[in-house]
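Student: Sequence and predicted structure are below.
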Amino acid sequence: MIADISRILPEYKICQKTFRSSIFAVGVGVHSGAKSKISFHPAPIDTGIVFRRVDVTDKNNIIPATYEYIVDTKMCSCFGNKEGVTVSTAEHVMAALSASGVSNAYIDVDGPEIPIMDGSARDFVFLFDCVGLIEQDAPLKALKIKRKVSFTDDKGVSVSLSPAQEGLTFNFSIDFPARIIGHQETTFMLSKDSFKKEIAYARTFCLLQEIEYLRSMGLARGGSLDNAIVVNGDSIMNPEGLRDELEFVRHKTLDAVGDLYQAGMPIIGAFKGNKSGHYHNNMLLKEVFKNTSNYEIVDLNNFIKETEKNIAVA
Ligand SMILES: [Zn+2]
């Protein structure tokens, strides 16, 4: 029905989008080790991305996927509502939603963890390609960064968002003592195609000693070489090797793509991160929204018209 309306009234070049129909996947939670199901459903205009914990029936089970609802960033991005209902390891699915251009969706999970799949966003992108998206009869808005905003933690690790002419670019660098990682840097401009080609397949990674510590605390029970790169000293334990030599920094970029979608809309800006993680990404968004001089919410159709006009004049 929504699709039919938008075909008759193609008023907007860039519309909000939702799933054509419902689709689901089954996997394991990386920490609980429990099997969990995630299903994606169409949602009306201006819903945004909303998680629903379908196993919770005695209290509010709805959790909007925006930066204000982040309750934990230690090992992943975990969203939670006021009733204490949470959904964790949301960053990879958020990255796939962002890159695929999904504006509105209900995402049902039957437990506290999003399935880890293969540790990357590849399966989610594939799923969204299979189900397809429909255009909705409403313009898409974006968060345009108007001046540089940074966040630096007490160890000097920092992230920033600066103004950009168009789109969202990423510059990420990491430094690890393990020689297989070492210093890695990547730059990337977000689009569905570039995400699929350069970022979506990059798996999460951890150091062997971290896993041993997490297991001693009863965590990482679902973690295995099937869903993470495990670094042991200067080499990796995965027999199949790396998917590419920059897989580590590309995965950090994947996490940042997902975390920045907590803005609730696409961003027009330039992101820079150095050794940073989920905590920094979330704090950066909080910093942006603290002051209305930092940003402007633009209708992407008007923004593109203006950009085209400027190019014509130039
Ligand atoms: Zn990740």
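Tutor: Arrived safely, thanks for sending. Numbers count the residues shown, from 1 in each chain.

Student: Up against the ion, what does this protein have?
Tutor: The chain has residues 204, 255 near the ion, with proximity defined as CB under 5 Å from the ion. C-betas here are computed from N, CA, C, even on glycine.

Student: In the chain, where is pLDDT below threshold?
Tutor: Applying pLDDT under 70 to the chain flags the ranges 1-12, 311-314.

Student: Check it and tell me which residue is nearest its centre.
Tutor: Central residue of the chain (CA atoms, centre = their mean): Gly258, 1.1 Å from the mean position.

Student: what secondary structure does it sit in?
Tutor: Assigned with DSSP: H, G, I helix; E, B strand; the rest coil, Gly258 falls in the helix class.

Student: Ile62 versus that one, what's the distance?
Tutor: As judged by CB to CB, to the nearest Å, Gly258 and Ile62 stand 20 Å apart.

Student: do the same with Phe124
Tutor: From Phe124 to Ile62 the distance is 21 Å (CB to CB).

Student: Of these two, which one has the most company?
Tutor: Set Phe124 next to Ile62 and count neighbours by other CB atoms under 10 Å: Phe124 wins out with 25 against 13.

Student: Surely that one is within a strand?
Tutor: No - applying three-state DSSP, one finds Phe124 to be helix, outside a strand.

Student: what's near enough to touch it?
Tutor: 25, 92-93, 95-97, 117 (CB atoms under 8 Å, 6 or more residues apart in numbering).

Student: List just the nearest of the residues you listed to the ion.
Tutor: Distance to the ion, by CB to the ion, is smallest for His92 among the contacts of Phe124, at 5.7 Å.

Student: The closest one: what secondary structure?
Tutor: Under three-state DSSP, the three-state class of His92 is helix.

Student: wait, what's in contact with it?
Tutor: 114, 116-117, 119-121, 124, 204, 254-255, 258.

Student: how about 6 Å then?
Tutor: By CB atoms under 6 Å, 6 or more residues apart in numbering, the residues touching His92 are Ala121.

Student: could you measure it against Glu212, distance?
Tutor: For His92, the distance to Glu212 equals 24 Å [CB to CB].

Student: Repeat that for Cys76.
Tutor: On the measure of CB to CB, Cys76 and Glu212 end up 19 Å apart.

Student: So which of those two has more stuff around it?
Tutor: Per other CB under 10 Å, whichever of Cys76 and Glu212 has more neighbours is Cys76, with 21 against 10.

Student: wait, isn't the more buried one in contact with Val87?
Tutor: No - applying CB atoms under 6 Å as the test, Cys76 and Val87 come out as separate, 10.2 Å apart.
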